[in-house]
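K.L.:
here is the input, now give the coordinates:
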Amino acid sequence: MKIFGRKQKESPPEKKEVIITGSGIFGLNNYISSEYSNELDAYARNYALYACISKIAQAVSGIEFLLFNSKGQIEDHPVLDVLYYPNHREGSRSFYQKLATQLLLFGNSYVYIAKVNSKAEMYLLQPNTIRIEIDNFGEVKKYIYQSRYVSREFSPDEICHIKIPNPGNDYYGFSYYEPIKRIIDLLGITEKWNLKLINNDMRPAGVLEYEGAISEDQEKEFKRRFRDMFQGAMNAGENIFLKGGVKWKPISISAKDADWLNLIKTYTRQISNVLNI
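P.N.:
Presented below is the predicted three-dimensional model:
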């Protein structure tokens, strides 16, 4: 830059392309679930998360659309046709239920707007298969769809990106699953604990004492026969008869460990609160 005379023309900034992935905020996505591999796995196997999201999505699926102009309500219009009949594969209820499920679970929903002949159709893309590529001005350049079998790029005009506001990321929405990962894990662990108690007829673990020495193979065989005879719901309430100097000493269970029912209620309530159910 010159002090006197004409200002030199500044060269435009070098154009760069950056691919943005993930929707992390404040390090929340650093927590790795010990019970579930991803959002879909948690949704499929955790009854509380499934119930809450399904209830909201089913309510959304019944949404009705009204179109108005300066003269009043419009009863027949191509926009209404697309909203009520998104595509030739599925109806509106299925489409919007899936859209709401994706939005709550991933924080993002990507609607591909396709032109079929002279009409428009809407298709939902799996959020976990989408990456966003931006330029050095911070604008979205394209959406990259990458599944196991198909790879395709979409322009911003082809995608309607619906997202939950994310204060930590300008391009990806914030999933409701993120802040309750730990709670969902705890609920899963509690359920496992409960299942083990039921398999053991609600009896705590114990110690088998045997007078004298036994080989490792004898120990394994004794444990196997003991489980086959007395473990599980079908053997609940069976009396135990031990021979050959074998003694059973139960290990006491604390009141805190036995209070699994209240733990389940607490974790379920916390998940419901996050999802406003």
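K.L.:
and for the longest strand belonging to the chain, what's in contact with it?
P.N.:
Longest strand in the chain, counting residues (DSSP state E): strand 108-116. By C-beta atoms under 8 Å, 6 or more residues apart in numbering, the surrounding residues in contact with strand 108-116 are 23, 87-88, 99-100, 102-103, 120-125, 127, 130, 143, 154, 158-164, 172-173, 175. Backbone N, C-alpha and C define where each C-beta goes, glycine included.
K.L.:
my read is that Glu133 contacts Val140, right?
P.N.:
Yes: Glu133 is within contact range of Val140, at 7.5 Å (criterion: C-beta atoms under 8 Å).
K.L.:
look at Tyr85 and report its pLDDT.
P.N.:
For Tyr85, the pLDDT comes out at 92.
K.L.:
helices along the stretch 151-277 of the chain, start to end?
P.N.:
181-199, 216-230, 255-258, 260-274 (DSSP state H, counting those that start in this stretch).
K.L.:
Leu67: which of those helices is closest?
P.N.:
helix 260-274 (34.3 Å; C-beta to C-beta).
K.L.:
now do the closest one: which elements does it pack against?
P.N.:
In this structure, helix 260-274 makes packing contacts with helix 47-61, helix 181-199, judged by 3 or more C-beta pairs under 8 Å, 6 or more residues apart in numbering; DSSP states H and E.
K.L.:
which of those comes out lowest on mean pLDDT?
P.N.:
Lowest mean pLDDT of the helices and strands packed on helix 260-274: helix 181-199, a mean of 76.
K.L.:
ok, Leu83 - contacts?
P.N.:
Counting by C-beta under 8 Å, 6+ apart, Leu83 touches Phe65, Ser92.
K.L.:
C-terminal to whichever helix or strand it is part of, what's the next element?
P.N.:
Element membership of Leu83, judged by DSSP states H and E, is helix 78-84. As assigned by DSSP H and E, the chain's next helix or strand after helix 78-84 is helix 92-106.
K.L.:
with just CA atoms, put that following helix into PDB.
P.N.:
Written as PDB, here are the backbone C-alpha positions of helix 92-106 (Å, rounded to 0.1, in the frame of the first residue of the first chain):
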ATOM      1  CA  SER A  92     -46.400 -37.900   3.300                       C
ATOM      2  CA  ARG A  93     -46.800 -39.600   6.700                       C
ATOM      3  CA  SER A  94     -43.900 -42.000   6.100                       C
ATOM      4  CA  PHE A  95     -41.800 -39.100   4.700                       C
ATOM      5  CA  TYR A  96     -42.200 -36.700   7.500                       C
ATOM      6  CA  GLN A  97     -42.000 -39.300  10.200                       C
ATOM      7  CA  LYS A  98     -38.600 -40.300   8.800                       C
ATOM      8  CA  LEU A  99     -37.600 -36.700   8.400                       C
ATOM      9  CA  ALA A 100     -38.400 -35.900  12.100                       C
ATOM     10  CA  THR A 101     -36.600 -39.100  13.300                       C
ATOM     11  CA  GLN A 102     -33.400 -38.100  11.400                       C
ATOM     12  CA  LEU A 103     -33.600 -34.600  12.700                       C
ATOM     13  CA  LEU A 104     -33.800 -35.600  16.300                       C
ATOM     14  CA  LEU A 105     -31.300 -38.400  16.100                       C
ATOM     15  CA  PHE A 106     -28.600 -36.700  14.000                       C
END
